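*Asks:* Structure, please.
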Amino acid sequence: MKIAMIGSGAAGSVFAAYLRRGGAELTLVDHYKAHMDICRERGLLFVTPEGEELLTGFHTAESAKNLEIQDFVILMVKATQTEALIDDLRGCVGPKTAVVSLQNGLGNDELLCRYFPPEQILYGFGTIGTELPEPGKCVSKPESGVIMRFGAVKKSPLSERMGAELERFFRAGGCEAVFDEDVRPYVWKKAISNSGYNTLSALLRLKVGDYLKEDAGVELLRSVWAEGCAVCRAVTGFDLWPELQDELPRLKSGFATYYPSMAQDVLIHHRQTEILLLNGAISRYGAACGIPTPLNDALTRMILCIQSNYEKQYRE
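*Replies:* I've put the predicted structure just below:
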């Protein structure tokens, strides 16, 4: 099976490493030239809690524009960048290619359906902490149990076969993956969870554990989640509120010393965030079905203002 990983930064490299270890033929696609050069010439050093392993045999490319037709095209660029890459993908997506979004946020499946047949689209996510500390080296910090979930936009013989194949490659590589009959509740749960702790960490300029020590921080988080759960019930019929409550102990322990991705984007890298795919998406779906989302609306606007004005922010 030929798989192109479109976006091979920290998360894309880790996902690709599991697939390569599972026996897939991988092409890493990324503009990070130093990383691509080392992966192609020496291999990718894959660090997991069990140890280190040098994985070799990767192909690399700066873009997808000149790739041959693939069996899987997996999107791991920031979701805000997907639409700009569609033209580059057309040459490597054939009638039997599975187009897979494992990106953060809500609406990735809907965007892909504008350009590719729904029976060819899979979507989902991984719950894996990832790092790319240097070119040619990626670090996986998986949670316990199932750490990769995905499902089909539209059930078809192609999507069923390709979903089962992708699950098999991930599992063979040591990544506990599930091809779900209905992945929507899992996608919504992760997006709602991220819309709380991720966005609040960016705005409060605190690691997750620091503001969750405060009653005010916990109440803020729950309020964001409550709006998201109300929208999810209206859109999908799933009630995720009880499950979200179980997230709090995990966040207080496992994420205590962690700046999540949006906080890193805002506080460290000064780059575009995924706010429109998280809180912004909750607001958008809420408006469409008549569910008020004032807190998510406000958080979205604050992040949008910040990311448009990094150079003007106060510095001591």
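*Asks:* pretty sure residue 28 is touching residue 13, no?
*Replies:* Yes: using Cβ atoms under 8 Å, residue 28 is in contact with residue 13, at 7.1 Å. C-beta here means a position set from N, CA and C on the backbone, and glycine is covered the same way.
*Asks:* anything in contact with each of the two?
*Replies:* 5, 39, 44 (Cβ atoms under 8 Å, 6 or more residues apart in numbering).
*Asks:* and the helix or strand encompassing residue 19, what does it pack onto?
*Replies:* Residue 19 is part of helix 10-21 when elements are defined by DSSP states H and E. When contacts are defined as 3 or more Cβ pairs under 8 Å, 6 or more residues apart in numbering; DSSP states H and E, helix 10-21 sits against strand 2-6, strand 25-29, strand 44-48, strand 51-55, strand 121-126, strand 128-134, strand 137-142, helix 157-172.
*Asks:* Touching the helix or strand harbouring residue 286 from outside, list them.
*Replies:* Using DSSP H and E, residue 286 maps to helix 279-289. The contact list for helix 279-289, computed with Cβ under 8 Å, 6+ apart, reads 105-107, 191-192, 195, 199, 224, 227-228, 230-231, 234-235, 291-293, 296-297, 299-300, 303.
*Asks:* need the contact list for residue 56.
*Replies:* Contact analysis of residue 56 by Cβ under 8 Å, 6+ apart lists 42-44.
*Asks:* Give me the buried entries from these.
*Replies:* Buried residues within these, defined by neighbour count using 16 or more other Cβ atoms under 10 Å: 43-44.
*Asks:* domains in the chain, as residue ranges please.
*Replies:* Using automatic domain parsing, the domain parsing of the chain gives 2-181, 185-312.
*Asks:* Turn the ones you listed into CSV, including mean pLDDT.
*Replies:* Output for those, formatted as CSV (pLDDT from 0 to 100):
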stretch, mean pLDDT
domain 2-181, 96
domain 185-312, 94
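*Asks:* now for the helix or strand containing residue 192, which elements pack on it?
*Replies:* Assessed by DSSP H and E, residue 192 sits inside helix 184-204. Judged by 3+ Cβ pairs under 8 Å, 6+ apart, the packing partners of helix 184-204 are strand 121-126, strand 148-152, helix 208-211, helix 215-236, helix 241-245, helix 261-263, helix 279-289, helix 294-307.
*Asks:* Tell me which of those approaches residue 18 most closely.
*Replies:* Closest approach to residue 18 among the helices and strands packed on helix 184-204 (Cβ to Cβ): strand 148-152, 8.0 Å.
*Asks:* Name the surrounding residues that touch that closest one.
*Replies:* Here strand 148-152 has contacts from 15, 18, 100, 102, 119, 121-128, 159-160, 163, 166-167, 170, 175-184, 186-187, using Cβ under 8 Å, 6+ apart.
*Asks:* Please list only the buried members of those residues.
*Replies:* For the contacts of strand 148-152, buried by 16+ other Cβ under 10 Å: 15, 18, 100, 102, 119, 121-126, 128, 159, 163, 166-167, 170, 175-180, 183-184, 186-187.
*Asks:* Start and end of stretch 233-250, how far apart?
*Replies:* With Cα to Cα, to the nearest Å as the measure, the first residue of stretch 233-250 is 24 Å from its last.
*Asks:* what residues does that stretch touch?
*Replies:* 184-185, 188-189, 192-193, 212, 218, 221, 225-226, 228-229, 232, 285-286, 289-291.
*Asks:* Select only the buried ones of those in PyMOL?
*Replies:* With 16+ other Cβ under 10 Å as the criterion, this PyMOL line picks the buried residues out of those:
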select buried, resi 184+185+188+189+192+193+212+221+225+226+228+229+232+285+286+291
